[in-house]
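Trainee: Have a look at this prediction, sequence included:
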Amino acid sequence: MTTFLTVLVGLSLLGTLGVMFAGMLGLARSEAAGGARSNRLMRWRVVMQGVTLVLFLILIAVSRG
């Protein structure tokens, strides 16, 4: 179970990083329609960070218990 949760935490970290970089690249291009896309990507980043944090807390609880 610990290995599975560790893999999920790693994948969610990579997903968060990918969404963050996609949002930053969109801001750097500063396209006319990029503002809405960038905002959507940053909201997804926040969601992904929350998922990562919850998975990490579950991993800590399982590894201690």
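Mentor: On my side now, so go ahead.
Trainee: Tell me who's in contact with the residue nearest the centre of the chain.
Mentor: Most central residue of the chain, judged by C-alpha distance to the mean C-alpha position with CA atoms, centre = their mean, is Thr16 at 2.2 Å. Residues counted as contacts of Thr16 (CB atoms under 8 Å, 6 or more residues apart in numbering) are 45, 48-49, 52. The C-beta positions use only the backbone N, C-alpha and C, and glycine is treated the same way.
Trainee: Tell me the buried residues in the helix ranked longest in the chain?
Mentor: Once the chain is assigned using DSSP state H, the helix that runs over the most residues is helix 34-64. Of the residues in helix 34-64, those with enough neighbours to count as buried (16 or more other CB atoms under 10 Å) are 34, 38, 41-42, 44-45, 48-49, 52, 55-56, 59.
Trainee: and which of those residues is nearest Leu5?
Mentor: Among the buried residues of helix 34-64, Leu59 lies closest to Leu5 (CB to CB), at 4.2 Å.
Trainee: what's the burial count for the closest residue to the closest one other than its chain neighbours?
Mentor: By the measure of CB to CB, 6 or more residues apart in numbering, the closest residue to Leu59 outside its immediate chain neighbours is Leu5, 4.2 Å from it. A count of nearby residues for Leu5, using other CB atoms under 10 Å, gives 17.
Trainee: Leu17 now?
Mentor: Neighbouring residues of Leu17 were enumerated by other CB under 10 Å; the total is 13.
Trainee: Quick one: work out the angle between the helix or strand encompassing it and helix 34-64.
Mentor: Under DSSP states H and E, the secondary-structure element containing Leu17 is helix 2-29. Taking axes from the mean of the first three to the mean of the last three CA atoms, to 10 degrees, one finds helix 2-29 and helix 34-64 inclined to each other by 160 degrees.
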